[in-house]
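[1] Okay, predicted coordinates and the sequence, questions at the end:
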Amino acid sequence: MPPVVEISALRRTFGSVTAVDSLDLAVERGEVFGLLGPNGAGKTTTIRVLATLLPPTSGSARVCGFDVTRQPNEVRRRIGYVMQQTFQSGRYLMTGREAVEIEAALYHVPRREVRARAAEVLEIVGLTQHADRLVMTYSGGMKKRLELAAGLLHHPDVLFLDEPSLGLDVQSRHAMWDHVRMLQGRGVTVLVATNYLDEADRICDRLAIIDHGRTVATGTPDALKRDVGGDALLASTRDAEHLVEVVRGEPWVRRVVPAGGEVHIYIDNASVAIPALMRLALERGVELERLSYTQPTLDDVFLLHTGRELREVV
Amino acid sequence: MAIQSERVARPLAIPDVSGGAEWLQEVLALARRWFIMLKREPLNLVFSIAQPALWLAFFGMGIGRAVDAAVVGTSDYLGFVLPGIIAFTVLGNGVASAMPLLFDKEDGYLDKLMAMPIARSSVIVSRFLYQTVLLVGQVALVLGVAFAMGVRLAAGPAGLLVLLVAVVLLTLAVTAAFLALAYAVPGHGTFFAVTGFVTLPLLFMSNAFIPFSAMPGWMAVCAYLNPLSYAIETMRILVLEGWRAHLLYNLGVLGVAAAALLAYGTHEFRKHTGARVD
């Protein structure tokens, strides 16, 4: 079966700025796929191309087998697009129910089904109780859930979520993740753009790490982390350069990467590495301020492929 | 067909037909949005509907007494100024009409609409529909007040229909012009600066309060280039004179102006949404 979303050699420029530069991507039916990268990496531009709002400068993008440029209406009928922002003007003086009913009609839901369809999507996101309140009075999390509901009105094949938990409190984020998993259970393919490592880790079956408009790595979160290799020691010191010099080449070290005032030391065996590192630091006069030991995170994955930490870039 | 065999979509939960019925559903849904907003702001409705009637009372009872009947060419000053006031109302409506579309554009909601499977035209047509309904209310009230103050249509009741045609054509022209502006400007600051600047000159550089015959040459040139003048002239003939062949000429010019401005408005809309796939 061909992928639900298929992007090849996608390039999109705005004047002299290249937002997306040769991006390749294939999202399979039924998976939750993440685009992970810092702000400005080209995630939103990619999603806007898929949502038929921006024609590619070159390359191609297909959704459900339809070309976004040549068959935009076929694409639009099959996608739900939850944008990064919630709307002031678009929801002005409107209740949640009215807002989704109007959009149900815009998706050409048959007239006699509009009410039921609106009630259905409001129920899914848990807004039934608040459906007849003005959207202006909603909390940030409720507004975001309303936008998710509006994206489900026509039972889309694919859902594009652009930073679904941006600006949400912890509780709302978890609720949003639950909704995503539930939709996946219903057979919806989900493409999520995010710059949150934990979000990508928690909800995505597969990820593409995006930097400067290019895919730098693709895989399941576990496989990506495995590529980093072994475990990671995180050492803080005033003299990072010296520490790198000291440990580089030691038999128990797989790779050393300085980033953000810390030194990431990738190792195979912590029980060997930690004492060895302590001894070396003592012998060579490197003062360690803090030392921690972690499993590799997606931050390490990003660091491995771009030389920068994602949390630093964000 | 290769494209068909590559489809990986499930059956659509929405009908896969396009045409008139779908378009009508879109226009009505979007118009519903405008009417809900109006319903939630009753004072907006009251002031919009009442304003022209208030102007009429103001002009008729006040300024009318200071006007020389020989200059305006009739002793029926209320009948003379009524068309000007209706045209002024349409002008004000035009600014108000473009505003929510301007905010939708800045808000990103227009983008959301553009990612839906809807005809581009339904966004604009819904606004014209809303504006026309509001206009009919305004015109009915101002005509009622004028009637109570003794104004009669020389063309008789059938003249009302022609008057309404002129007002609707003017609404199309003016609304299209302000929509074009809303889509062309970089932000709402420019929109309000421009509309604030042009609205009154547009009114005064027309025959709303001064007949062509009493204008200095340069002003008459401006007034002749102003679509407002042709709507006003049409209404004025209907009120003061009755059925005249000149009505056709005025309606014709107005129709051409409306068509041209609609084309321009559509062009600006397309240009703004042009970065999007169409």
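    Structure received. Numbering: from 1, shown residues only, chains lettered A, B, ... in the order given.
[2] rest of the way, CA atoms for contacts and neighbours
    Noted.
[3] quick one: low-confidence parts of chain B?
    Confidence mapping of chain B against pLDDT under 70 gives the ranges B:1-18, B:274-278.
[4] how about the strands of the stretch 51-200 of chain B, start to end?
    With DSSP state E, counting those that start in this stretch as the definition, the stretch 51-200 of chain B shows no strands.
[5] scratch that, chain A is what I was asking about
    A:5-14, A:17-27, A:32-36, A:58-63, A:66-67, A:79-82, A:158-162, A:189-194, A:206-211, A:214-219, A:231-237, A:253-259, A:262-267, A:288-294 (DSSP state E).
[6] I'd like to know which of the ones you listed is closest to residue B:189.
    strand A:5-14 (24.5 Å; Cα to Cα).
[7] residues of that closest one that come out buried?
    A:5, A:6, A:7, A:9, A:10, A:11, A:12 (16 or more other Cα atoms under 10 Å in any protein chain shown).
[8] I'd like to know which of these is nearest to chain B.
    residue A:5 (9.8 Å; Cα to the nearest Cα).
[9] Could you dump the strands of chain A into TSV and include distance to residue B:258 and mean pLDDT?
    Formatted as TSV, those follow (distance: least, Cα to Cα, whole Å; pLDDT from 0 to 100):
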stretch	distance to residue B:258	mean pLDDT
strand A:5-14	35	95
strand A:17-27	40	94
strand A:32-36	48	96
strand A:58-63	39	96
strand A:66-67	37	96
strand A:79-82	36	97
strand A:158-162	41	97
strand A:189-194	45	96
strand A:206-211	50	94
strand A:214-219	49	93
strand A:231-237	70	87
strand A:253-259	64	85
strand A:262-267	67	88
strand A:288-294	70	86
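[10] Next, format these as TSV and append distance to residue B:48.
    Below are the strands of chain A laid out as TSV (distance: least, Cα to Cα, whole Å):
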stretch	distance to residue B:48
strand A:5-14	42
strand A:17-27	46
strand A:32-36	49
strand A:58-63	46
strand A:66-67	46
strand A:79-82	36
strand A:158-162	40
strand A:189-194	44
strand A:206-211	52
strand A:214-219	53
strand A:231-237	67
strand A:253-259	62
strand A:262-267	65
strand A:288-294	66
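[11] For residue B:211, which of the ones you listed is the nearest?
    Residue B:211 lies closest to strand A:5-14 among those, at 52.4 Å (Cα to Cα).
[12] got the contact list for that closest one?
    A:18-28, A:45, A:55-65 (Cα atoms under 8 Å, 6 or more residues apart in numbering or on different chains).
[13] Drop anything exposed from those residues.
    Applying 16+ other Cα under 10 Å to the contacts of strand A:5-14, the neighbour count classes A:18-28, A:45, A:55-56, A:59-65 as buried.
[14] Tell me where the stretch 1-150 of chain B has helices.
    With helices called from DSSP state H, counting those that start in this stretch, the stretch 1-150 of chain B shows them at B:2-5, B:20-40, B:42-61, B:69-72, B:77-107, B:109-114, B:121-148.
[15] most tightly surrounded among the ones you listed?
    Among these, ranked by average contacts under mean count of other Cα atoms under 10 Å in any protein chain shown, first place goes to helix B:77-107 (a mean of 22).
[16] how about that helix, does it reach chain A?
    Yes: applying Cα under 8 Å from any Cα of the partner chain, one finds helix B:77-107 in contact with chain A at B:100, B:103, B:104, B:107.
[17] Please see if stretch A:108-122 touches chain B.
    Yes: judged by Cα under 8 Å from any Cα, stretch A:108-122 comes into contact with chain B at A:108, A:109, A:110.
[18] thought the second one was touching residue A:155?
    No: because the distance of 10.2 Å does not satisfy Cα atoms under 8 Å, residue A:109 is recorded as not touching residue A:155.
[19] picking up where we left off before, export the residues of helix B:77-107 next to chain A to JSON lines and tack on distance to residue B:212?
    Shown next, in JSON lines, are these (distance: Cα to Cα, whole Å):
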{"residue": "B:100", "distance to residue B:212": "36"}
{"residue": "B:103", "distance to residue B:212": "38"}
{"residue": "B:104", "distance to residue B:212": "40"}
{"residue": "B:107", "distance to residue B:212": "44"}
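[20] Could you single out the nearest of these to residue B:22?
    In terms of Cα to Cα, no member of the residues of helix B:77-107 next to chain A lies closer to residue B:22 than residue B:104, at 22.2 Å.
[21] Any chance of the backbone angles for residue A:186?
    Here is the backbone geometry of residue A:186 (degrees, to the nearest 10): phi -90, psi 0.
[22] about what we covered before: against chain B, which of the contacts of strand A:5-14 make the cut? List them.
    A:55, A:64, A:65.
[23] Specify which member of those is nearest to residue B:43.
    For the ones next to chain B among the contacts of strand A:5-14, the nearest to residue B:43 is residue A:55 (43.3 Å; Cα to Cα).
[24] does that closest one really touch residue A:49, like I thought?
    Yes: because the distance of 6.0 Å satisfies Cα under 8 Å, residue A:55 is recorded as touching residue A:49.
[25] Need the residues touching each of the two.
    Shared contacts of residue A:55 and residue A:49 (Cα under 8 Å, 6+ apart): residue A:68.
[26] quick one on the thing from earlier: dump the ones next to chain B among the contacts of strand A:5-14 into JSON lines; add pLDDT as well.
    Formatted as JSON lines, the ones next to chain B among the contacts of strand A:5-14 follow (pLDDT from 0 to 100):
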{"residue": "A:55", "pLDDT": "92"}
{"residue": "A:64", "pLDDT": "96"}
{"residue": "A:65", "pLDDT": "95"}
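[27] ok, those vs residue B:266, which is closest?
    Residue B:266 has its nearest neighbour among these in residue A:55, at 20.3 Å by Cα to Cα.
[28] hmm, back to that, now the buried members of the residues of stretch A:108-122 next to chain B.
    Buried among the residues of stretch A:108-122 next to chain B (16+ other Cα under 10 Å): A:108, A:109, A:110.
[29] In CSV, list those residues along with pLDDT.
    Listed next are those as CSV, based on pLDDT from 0 to 100:
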residue, pLDDT
A:108, 95
A:109, 95
A:110, 94
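[30] between the residues you listed, which is closest to residue B:130?
    Minimum distance to residue B:130 across those is 20.5 Å, recorded for residue A:108 (Cα to Cα).
[31] I figured the closest one hits residue B:24, correct?
    No: Residue A:108 is beyond contact range of residue B:24, at 10.0 Å (criterion: Cα under 8 Å).
[32] Stretch A:66-83 and chain B in contact?
    Yes: Stretch A:66-83 lies within reach of chain B by Cα under 8 Å from any Cα, at A:66, A:68, A:69, A:72, A:73, A:74, A:76, A:77, A:78, A:81, A:83.
[33] I'd like to know which of these are part of helices.
    Taking DSSP state H as the definition of helices, the residues of stretch A:66-83 next to chain B contribute A:72, A:73, A:74, A:76, A:77, A:78.
[34] Kind regards, and thank you for your time.
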